[in-house]
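Undergrad: Structural data only, the sequence is not supplied:
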C-alpha cells in the first residue's frame, strides 16, 4: 500500500536557503482522499482538563496558486489541517478495507472536532516560481487532556488532488493555557458562536468594519453577527476584533441570538453585589443568561471583566437548552 501511494517521510533538508532540516511528507493521492500528517504527544499537563493551544509552524511548498489538477488543484485542493486530539492518533482498516483515523479530522475542505482547516498548499507569495517557499501558519484550538494529562498535536494535509503532494514542516511551536484562565477576543468570540449556531444555508456578505480584514479567520463570523444584529461595533466603522470580549458583551450577543425575549425575572440580578456595574443595555441579557444558566456567576457577575474561553464555551454549549 505504501509503495502504491508512493508514501515517503523523514527529517530532511528543506530546499530553501539556510532553512536547515524539516519534517518531510510526500504521497500520490490515488484514492482522491489522502491524509498525511505527523503527531506529537504533549505530556505533563493536568489530567482531564480543557486547554487552549496556540500552534505556530511553517509549511514549505512549491505549488503555485490557480493551477489546474486532477480531481482538484494541487494547491487549493490540498487542505492544511491542524489540531490537538485527546487520544493518540491511530489508523485502522474499516469494513470497506479503507484506512481510517480514530480522530475526527473532517473531510478535505471541512474541519472535524479534532482538526481544523488552517490553509492550503498554494504558496501565499510567489517570489521564486517553481521553488519552495514558506507559508506561515498560526491557529488556536481547544482540546481536553486524557486521564494521564496528555494531548496530541497533529499537523497534516487532507488532499482532493489526485497526484503527488510533497511538503515540509518546520519551526513548529505550541503553547497552552487552561481555558478557565484565558480570556477571548471579540473576533474569536464571535467565531465561536458562528461555528456553533451558523446554518449552512445562511447567506453571509463581507464585513463592513474597517478594522476587520476580509481574510481574517473571524471575518465571516463578524459579518454574520453584524448582519443578524447579534453584535455591533463601536461606531466610526470599528469592531475591535482584538479587544477582549467582556462578560456582558458575550451575554448580549447570545441573548440577541435568542431573539431578545422579554425578561420576566430581572430580580435575579439583585442577588449579586456587583449587579450595579452592568451596563443598562446589557441588564436584560445578563438576567436572561443567569435565569437560563448560560452564565453561572461564582458570587459575582463581573460584567465588565473579560470572559474566559471556558465560560463562553459553556454558555454557547447551553444554546438550545434555554427557554
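TA: Arrived safely, thanks for sending. Model, not experiment: these values are computed from the prediction.
Undergrad: Quick check: residue 182 vs residue 142, distance?
TA: 9 Å (Cβ to Cβ, to the nearest Å). Bear in mind the C-beta positions are built from the backbone N, C-alpha and C, glycine included.
Undergrad: what sits in contact with each of those two?
TA: In terms of Cβ atoms under 8 Å, 6 or more residues apart in numbering, residue 182 and residue 142 are both contacted by the residues 52, 309.
Undergrad: How about the secondary structure of residue 225?
TA: helix (DSSP: H, G, I helix; E, B strand; the rest coil).
Undergrad: That one against residue 193, yeah?
TA: Yes - look at residue 225 against residue 193 with Cβ atoms under 8 Å: they come within range, at 7.1 Å.
Undergrad: So for these two, which sits in the more crowded spot?
TA: Taking neighbours as other Cβ atoms under 10 Å, residue 225 and residue 193 compare with residue 225 leading, 27 against 22.
Undergrad: and that one, how far is that from residue 82?
TA: According to Cβ to Cβ, residue 225 stands 25 Å off from residue 82.
Undergrad: what does residue 107 give?
TA: Residue 107 sits 16 Å away from residue 82, going by Cβ to Cβ.
Undergrad: And the two? Which one has more around it.
TA: Between residue 107 and residue 82, residue 82 has the larger neighbour count (other Cβ under 10 Å), namely 27 against 13.
Undergrad: following whichever helix or strand that one is part of, which helix or strand comes up?
TA: Secondary-structure assignment from DSSP states H and E places residue 82 in strand 78-85. Counting by DSSP H and E, the next helix or strand C-terminal to strand 78-85 is strand 91-93.
Undergrad: helices or strands up against that next one?
TA: In terms of contacts (3 or more Cβ pairs under 8 Å, 6 or more residues apart in numbering; DSSP states H and E), strand 91-93 is packed against strand 99-101.
Undergrad: Can you list the buried residues in the strand it packs on?
TA: Residues of strand 99-101 classed as buried by neighbour count (16 or more other Cβ atoms under 10 Å): residue 101.
Undergrad: Show me the strands paired with that strand, marking each as parallel or antiparallel.
TA: Its sheet considered, strand 99-101 pairs with strand 91-93 (antiparallel) by DSSP bridges.
Undergrad: Identify the residues contacting the partner strand?
TA: 99-102.
Undergrad: so what sits against both of residue 225 and residue 193?
TA: residue 253.
Undergrad: Secondary structure element holding the spatially closest residue to residue 194 that is not a sequence neighbour?
TA: Once flanking residues are discounted, residue 194 sits nearest to residue 221: 3.5 Å by Cβ to Cβ, 6 or more residues apart in numbering. Using DSSP H and E, residue 221 sits within helix 219-228.
Undergrad: quick one: buried residues of that helix?
TA: Here helix 219-228 shows 219-226 as buried, counting by 16+ other Cβ under 10 Å.
Undergrad: Show me how far it is from its chain's centre.
TA: When C-alpha coordinates are averaged (Cα atoms, centre = their mean, to the nearest Å), helix 219-228 and its chain have centres 16 Å apart.
Undergrad: repeat for stretch 253-267
TA: 28 Å.
Undergrad: Name the residues of that stretch that are buried.
TA: Neighbour-count burial for stretch 253-267 [16+ other Cβ under 10 Å]: 253-258, 263.
Undergrad: Okay, and which of those residues map to helices?
TA: 253-257 (DSSP state H).
Undergrad: Adding distance to residue 295 and pLDDT, write the residues you listed out as TSV.
TA: TSV is the format used below for those (distance: Cβ to Cβ, whole Å; pLDDT from 0 to 100):
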residue	distance to residue 295	pLDDT
253	12	97
254	9	97
255	10	96
256	15	96
257	14	95
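Undergrad: If we only consider those, which is nearest to residue 203?
TA: Taking Cβ to Cβ as the measure, residue 203 lies nearest residue 257 of those, at 17.5 Å.
Undergrad: Please name the nearest non-neighbouring residue to that closest one.
TA: That would be residue 230: by Cβ to Cβ, 6+ apart, it lies 5.5 Å from residue 257.
Undergrad: How about the secondary structure of the one you found?
TA: Judged by three-state DSSP, the three-state class of residue 230 is coil.
Undergrad: what's the pLDDT at it?
TA: With respect to pLDDT, residue 230 has a value of 96.
Undergrad: tell me the contacts of it?
TA: Contacts of residue 230 (Cβ under 8 Å, 6+ apart): 190, 193, 224, 253, 256-257.
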